[in-house]
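Got a predicted structure plus its sequence, pasted below:
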There are 2 protein chains.
Amino acid sequence: MQSSSVAPGRSLRTIKADAVAASIAATALDLFDKKGFDGVTVDEIASASGISRRSFFRYFATKEDIVVAGHAAFGERILEIVRARPQGEDVWLSLRRGYDILVDNVDRDPEAAARTMRVINATASLRAHTIEKHIVWAVCLGPEIAHRLGDAPARRLEADALIHASLACLDVALAHFTPGQDASLGEKLDAAFDALRPVRSR
Amino acid sequence: MQSSSVAPGRSLRTIKADAVAASIAATALDLFDKKGFDGVTVDEIASASGISRRSFFRYFATKEDIVVAGHAAFGERILEIVRARPQGEDVWLSLRRGYDILVDNVDRDPEAAARTMRVINATASLRAHTIEKHIVWAVCLGPEIAHRLGDAPARRLEADALIHASLACLDVALAHFTPGQDASLGEKLDAAFDALRPVRSR
DNA sequence: CAATTTTTGGCACACCGTGCCAATATATTT
DNA sequence: AAATATATTGGCACGGTGTGCCAAAAATTG
């Protein structure tokens, strides 16, 4: 297998599978927004997407994953951005810049993002799972931030505190965000970050 | 009904029910610690506790609630403590003092607390539910902290950022805590709070 | 076209959580 | 103490999620 000479990152099949998953997610999100997350069964989503129930669970491990799965990939991208920041920079600012990629993503399609946030905020289990994904990001960021703080073992707790607090700021900014509003998500995020300001920079 | 003249807060039956719930929780926690949260079914817990499956769900709405339900009550108590702090005090410090009640609770029985933390940290859904409960605390604390910040509507986001960041510090301190260790939970929590220090005090 | 591999769909199953109702235990009244 | 009311329990059936297993269909390859 894998006889094709060119394998540019994603294989051909993976691309197709991702497209199908995206399509399922789109129709599911519409249903969630209309009838509430708990008011929609997997059978409903499957038949509305033209696939069987069994096949649905091959694209998404969980019903929650429809909403949350996309988040997982961002962890790596945030880490990349933070890695690219100058070494001496204030860690708090580096983290803030890392989240720019999320801000851009929301700004690219504010209505869709708002709909997703609406669904998430209306369902307790989804809020929890969102934060759970953020914890995965925190684990990703851990070593890099600890390194920037000097790598002393005593600094591990400090690094974790900064990371998790920055994620708390992100969650708060997202919760306070609605698309056609006065302030953009970026500004809200800035305001949250300004409220907390760590003392040390390196 | 309720003919008894003295009704000291909790009715007599409620006390009994709470005791039964505590007993169920104790046996369940033992099982969780041994076989993992997902490796124990509700039927197992019920029969080990000498009750029927149906009755179990009258004491706990969810299997997760065995581990998490106790947390809910702390929200009110934390709020009480924060309310009792002097009005001009640095909000960051007020929040820190609010969590003293949790520190005390852990210090009272570090082994039990450690076991609970072990079970929680080993199970994704439990981590998520723990955070869910913390969000409830945040909602409790919201008005009081906003009030201390001056009640201007613009300060709502700032208040939420402080609250959620402080909860992030709590989570980090708990995650870094193991009973027979060098530093107590209180010291870990202090370290986390010191890493983040908000600029304004009122 | 034929052969292989992947994808799909259809069961059956274990588990969680809930509504309903009859049986049992507990408390209250006479 | 007997009778009545009330609360608790247990059993049953049901809808929902998620998974293992295997055969049918579809796509890929020679």
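Nice, thanks for sending it over.

Now for residue A:175: which residues touch it?
Contact analysis of residue A:175 by Cβ atoms under 8 Å, 6 or more residues apart in numbering or on different chains lists A:117, A:121, B:160. Every residue, glycine included, has its C-beta placed from N, CA and C.

Could you check the helix or strand hosting residue A:130 against chain B for contacts?
Assigned by DSSP states H and E, residue A:130 belongs to helix A:124-148. Yes: for helix A:124-148, a contact with chain B is found by Cβ under 8 Å from any Cβ of the partner chain, at A:124, A:125, A:127, A:128, A:129, A:131, A:132, A:135.

picking that back up, go through the contacts of residue A:175 and name the one nearest DNA strand D.
residue A:121 (19.5 Å; Cβ to the nearest atom of the strand).

Run a quick neighbour tally on the closest one.
Number of residues near residue A:121 (other Cβ atoms under 10 Å in any protein chain shown) recorded here: 13.

Pull up the gap between it and residue B:190, please.
From residue A:121 across to residue B:190, the span is 33 Å (Cβ to Cβ, to the nearest Å).

Just give the nearest non-adjacent residue to the residue nearest the centre of chain A, would you?
Nearest to the mean C-alpha position of chain A, by Cα atoms, centre = their mean, lies residue A:71 at 3.1 Å. Spatial nearest neighbour of residue A:71, chain neighbours left out: residue A:133 (4.4 Å); criterion: Cβ to Cβ, 6 or more residues apart in numbering or on different chains.

Model confidence score at the one you found, please.
Here the pLDDT value assigned to residue A:133 is 90.

Could you do residue A:33 as well?
Taking residue A:33 on its own, its pLDDT is 96.

element containing it, please.
Short version, using DSSP H and E: residue A:33 is in helix A:12-35.

the inter-axis angle of that helix versus helix A:124-148?
130 degrees (axes from the mean of the first three to the mean of the last three Cα atoms, to 10 degrees).

can you list the domains in chain A?
A:12-63, A:68-195 (automatic domain parsing).

So is the shortest one next to chain B?
By that I understand domain A:12-63. No: remark: domain A:12-63 sits outside contact range of chain B, by Cβ under 8 Å from any Cβ, the gap being at least 10.3 Å.

Next: stretch A:87-105.
No: judged by Cβ under 8 Å from any Cβ, stretch A:87-105 stays clear of chain B, getting no closer than 8.8 Å.

Now that stretch: average pLDDT?
96.

Could you pull out the buried residues of that stretch?
A:90, A:91, A:92, A:94, A:95, A:96, A:98, A:99, A:102, A:103 (16 or more other Cβ atoms under 10 Å in any protein chain shown).

Same question for stretch A:146-159.
A:146, A:148, A:149, A:155, A:156, A:157, A:158, A:159.

Grab the two from those residues that are most spread out in space.
Spatially, the most separated pair among these is A:148 and A:157, at 14.9 Å (Cβ to Cβ).

Pretty sure residue A:20 is one of the things residue A:59 touches, is it not?
Yes: with contact defined as Cβ atoms under 8 Å, residue A:59 and residue A:20 form a contacting pair (6.4 Å).

Name the SS class of the residue of chain A found nearest DNA strand C, please.
For chain A and DNA strand C, the shortest gap (Cβ to the nearest atom of the strand) falls at residue A:55, measuring 3.1 Å. Assigned with DSSP: H, G, I helix; E, B strand; the rest coil, residue A:55 falls in the helix class.

What is the neighbour count of it?
A count of nearby residues for residue A:55, using other Cβ under 10 Å, gives 13.

where does chain A have low pLDDT?
A:1-10, A:198-202 (pLDDT under 70).

Excluding residues flanking it in the chain, which one is nearest residue A:113?
Residue A:113 sits nearest to residue A:106 (Cβ to Cβ, 6+ apart), 4.2 Å away.

where does the one helix or strand that neighbour maps to sit relative to the chain's centre, distance-wise?
Remark: residue A:106 resides in helix A:100-108, with elements defined by DSSP H and E. Taking Cα atoms, centre = their mean, to the nearest Å, one finds the center of helix A:100-108 at 11 Å from the center of the full chain.

again with stretch A:69-77
The answer for stretch A:69-77 is 5 Å, by Cα atoms, centre = their mean.

Extract the CA atoms of it and return them as CSV.
Output of stretch A:69-77 as CSV, limited to C-alpha atoms (Å, rounded to 0.1, in the frame of the first residue of the first chain):
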residue,chain,number,x,y,z
ALA,A,69,-13.0,17.8,17.7
GLY,A,70,-11.9,20.7,15.6
HIS,A,71,-10.3,22.3,18.6
ALA,A,72,-7.7,19.6,19.1
ALA,A,73,-5.6,20.6,16.1
PHE,A,74,-5.2,24.2,17.3
GLY,A,75,-3.0,23.1,20.2
GLU,A,76,-0.1,22.4,17.9
ARG,A,77,-0.6,25.6,16.0
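
Kind regards, and thank you for your time.
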